[in-house]
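Peer 1: prediction below, plus the sequence it came from.
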Amino acid sequence: MQKRGYEGDPGFYFWLAHAAYFSGAKEQGERAWASLVAMDPEKEGYAPWQQHYSDDVAETKELAFIEDKLASEYSSDHLFALFLISKSQYKIEILSQSDLIDLSSYTGLEKMYLAYILGHEFLMEEPLEKVFMRASEVAELLYEYVPVSVTTLPLYQLWFVLYENAINQGYQFKNPKALAAANEYLFLSAHDEPVTKKGLAEKYSMSTSTLTKYIDDLLDYLPVFE
């Protein structure tokens, strides 16, 4: 991969530095990290051989939750964890722990999502990449409308279950904002929270009929328990 060249791709140099350093090629790892810092100066001081960890309780709890999801047998949990990592103030510290993410066991979708949160720019030349980017945009829109908290984590958990099921079954995700609204509606209604289609449609600036259409779409991808 290095011989082919990935100039300008921070994610490549991030993982090359870790892979090289932890496999004994420390000088190569240092060179890769220097290239990364040249592209992204904020990474200065966060090389895998310069890890900093605090005893802050919030960090400990957040990391424990993410580790639990990464250790899950379910792909949707891995995707959920990667999303949380991308929004965490401890993103660099978490990603610097090379044992947390087992790329050898990841699905193609999980590898794409990891590349996405690391800032890889997809060329959008393949239909699959266009679908992937629309699907991934839904979580970003949810993040704008529904801040992540202890009480909203299950809402995001629901989305990544639907995300995995739908993308694996060829769904096109044509209206990310409507899908974000539909996901919120399904979550709130399932938990007997006071919610109306009209109110949620207004919140997301769309018609009630559009919201209803995408609620119906997502119902097809809810998990079925035997």
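Peer 2: Perfect, I can see it now.

Peer 1: just the C-alphas of stretch 212-225, formatted as CSV.
Peer 2: Taking only C-alpha atoms (Å, rounded to 0.1, in the frame of the first residue of the first chain), the coordinates of stretch 212-225 have been written out as CSV:
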residue,chain,number,x,y,z
THR,A,212,-44.3,9.0,6.7
LYS,A,213,-42.8,7.6,3.6
TYR,A,214,-39.4,7.1,5.2
ILE,A,215,-40.8,5.8,8.4
ASP,A,216,-42.5,3.1,6.3
ASP,A,217,-39.1,2.5,4.5
LEU,A,218,-37.3,2.0,7.8
LEU,A,219,-39.9,-0.4,9.2
ASP,A,220,-38.7,-2.9,6.6
TYR,A,221,-35.3,-3.0,8.1
LEU,A,222,-36.1,-3.4,11.8
PRO,A,223,-34.6,-6.6,13.2
VAL,A,224,-36.8,-9.6,13.5
PHE,A,225,-36.5,-11.6,16.7
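
Peer 1: what does that stretch contact?
Peer 2: 161-162, 165-166, 169, 171, 175, 178-179, 181-183, 185-186, 197 (Cβ atoms under 8 Å, 6 or more residues apart in numbering). Where C-beta positions appear, they are placed from N, C-alpha and C, glycine not excepted.

Peer 1: please narrow these to those residing in strands.
Peer 2: Members of these lying in strands (criterion: DSSP state E): none.

Peer 1: now residue 47: closest residue in space that isn't a chain neighbour?
Peer 2: The shortest distance from residue 47 to any residue other than its chain neighbours is 4.7 Å, reached at residue 33 (Cβ to Cβ, 6 or more residues apart in numbering).
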